[in-house]
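A.B. asks: Just need the structure, nothing else, for what follows:
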Amino acid sequence: MQVLKIVLLLLISIPQSFVFSQVFLTEGFESGSKPAGWTEETVSGNEPWRYRNGGHSPNDMNWSVPPEQEDITRNPPAAYEGTFNAIFFKQSYNNERTKLITPEIDLLGGTNIELSFYLCQIPWTFEGSTRLGCAPCLLQGLAERSLGVVA
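C.D. replies: Numbering: from 1, shown residues only. Below is the predicted model of the structure:
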């Protein structure tokens with residue numbers, strides 16, 4: 001009986017760091033293309049998302065350098081991890097926008113949901129703004145809410 005009490009006390013005192021966590025989606029761009037189930041929605045203009053190693057290069061205005069090739073003139077020069085990253089780039093005053101949309105994610109039962117990703121945003125030298133939006137998102141089983149917007 002004494003051993004049972006000790007075991008129960010140890011189980012009760014286990015730190016909260018062992019609490020169950022669940023990953024709802026993890027994705028990369030290592031195929032060099034848009035992941036299966038993802039879609040693009042053109043809002044303004046006709047600029048697509050591209051899948052390359054790194055960012056845009058002023059020496060490659062027509063995107064002719066092979067996408068998997070590392071290029072020190074790209075900004076950034078390489079993907080944060082792996083070989084490919086998604087990139088949306090159009091240097092103009094026409095406010096081109098294309099959304100890259102994940103498949104629907106069922107977050108029912110989730111608490112303290114966290115969205116994380118790597119972002120490289122190069123400062124512009126002309127007036128204007130860049131928005132990264134993750135809103136509004138209809139979270140299945142939860143109220144509609146904004147996950148946040150960085151402007």
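A.B. asks: quick one: pLDDT of residue 19?
C.D. replies: Predicted confidence (pLDDT) for residue 19: 55.
A.B. asks: For stretch 61-76, list every residue counted as buried.
C.D. replies: 65, 67, 71, 74 (16 or more other Cβ atoms under 10 Å). Where C-beta positions appear, they are placed from N, C-alpha and C, glycine not excepted.
A.B. asks: Ok, stretch 22-36 next?
C.D. replies: 29, 34-35.
A.B. asks: what does that stretch rub up against?
C.D. replies: Outside of stretch 22-36, the residues within contact range by Cβ atoms under 8 Å, 6 or more residues apart in numbering are 38, 40, 49, 51, 67-68, 79, 81-86, 100, 102-103, 105-107, 110, 113.
A.B. asks: Derive a PyMOL selection command for the buried subset of those.
C.D. replies: Here is the PyMOL command that selects the buried residues among the contacts of stretch 22-36 (16+ other Cβ under 10 Å):
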select buried, resi 49+51+67+79+83+84+85+86+107+110
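A.B. asks: so what's residue 91 closest to, chain neighbours aside?
C.D. replies: residue 56 (7.9 Å; Cβ to Cβ, 6 or more residues apart in numbering).
A.B. asks: just residue 100 next, same as before
C.D. replies: That would be residue 49: by Cβ to Cβ, 6+ apart, it lies 5.1 Å from residue 100.
A.B. asks: just checking, the one you found touches residue 40?
C.D. replies: Yes: contact criterion Cβ atoms under 8 Å: residue 49 and residue 40 qualify, at 5.8 Å.
A.B. asks: mind listing the strands for the chain?
C.D. replies: Ranges of strands within the chain are 39-44, 50-52, 85-87, 97-101, 132-133, 149-150, based on DSSP state E.
A.B. asks: deepest of these, which one?
C.D. replies: For those, average neighbour numbers computed from mean count of other Cβ atoms under 10 Å are highest in strand 50-52, which has a mean of 22.
A.B. asks: Cool, thanks, signing off.
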